[in-house]
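Engineer: Curious how this folds, go ahead:
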Amino acid sequence: MYLKKKGNILISTMIILSLMLMIGNFLFHMMKNNRELEVLYKLDSDIYDMNSNEENILSEFMKRLNENIDSVDDEKKEYFNEDFTENINGNILEYEKEDKKLYLVTTKGDNTSRKREIKYKIKNGKIILIPTYKFEEIENKSIENS
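Structural biologist: Residues are numbered from 1 along each chain as shown. Below you'll find the predicted structure:
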């Protein structure tokens, strides 16, 4: 009887440990593939993965938008009432009225660009652009005539 009890406990313990291992493995893979939680496993970058060039471009676009807004009369100010595209040195900020979203497209080298979603706030008559972690890498393919 004593051996039978000990055998059941041993088998139960092995089953519980294997279930815990499977659940832990599943959670690890889920977190690794989730962009928000991926930062826990990458110590050298944050979830925004922004370089200083991208930050400078975003601040330039913010300055330009605020200058354009300041030149309009206060009574007629309407923020983001139509689609627009701004361009600074080949980097593009575009607004899509249907989606009510801003996108920043920056060139990151010879063959790659990055399209990042940007949130915006209007505070005290100034536009504040806030980068998000949602971005996609776009590979530019050049067509050569042979």
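Engineer: Report the residue ranges of every domain in this protein.
Structural biologist: Domain assignment for the chain by automatic domain parsing gives 2-33, 52-139.
Engineer: Give me whichever of these is most buried.
Structural biologist: Greatest average neighbour count among the domains of the chain goes to domain 52-139 (a mean of 13), per mean count of other C-beta atoms under 10 Å. (Each C-beta comes from the backbone N, C-alpha and C, glycine too.)
Engineer: Now tabulate the domains of the chain in TSV and tack on mean pLDDT.
Structural biologist: Output for these, formatted as TSV (pLDDT from 0 to 100):
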stretch	mean pLDDT
domain 2-33	82
domain 52-139	81
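Engineer: need the helices for the protein, in chain order.
Structural biologist: 2-32, 52-70 (DSSP state H).
Engineer: With Met22 as the reference, measure out to Ser52.
Structural biologist: 43 Å (C-beta to C-beta, to the nearest Å).
Engineer: One more: Ile11?
Structural biologist: Ile11 is 17 Å from Met22, where distance means C-beta to C-beta.
Engineer: Also Lys134?
Structural biologist: 31 Å.
Engineer: again, but for Asn140
Structural biologist: Here Asn140 is placed at a distance of 42 Å from Met22 (C-beta to C-beta).
Engineer: Over to Asn66?
Structural biologist: 53 Å.
Engineer: what do you get for Asn56?
Structural biologist: Note on Asn56: its distance to Met22, by C-beta to C-beta, is 46 Å.
Engineer: before we move on, what about Gly90?
Structural biologist: From Gly90 across to Met22, the span is 49 Å (C-beta to C-beta).
Engineer: residue contacts, Asn140?
Structural biologist: Applying C-beta atoms under 8 Å, 6 or more residues apart in numbering to Asn140 gives the contacts Thr107, Asp110, Asn111, Thr112, Ser113.
Engineer: Mind pulling up the pLDDT for the residue nearest to the third one when sequence neighbours are not counted?
Structural biologist: Going back to what we said before, that points to Asn111. In this structure, Asn111 finds its nearest non-sequential neighbour in Asn140, 5.3 Å apart by C-beta to C-beta, 6 or more residues apart in numbering. For Asn140, the pLDDT comes out at 70.
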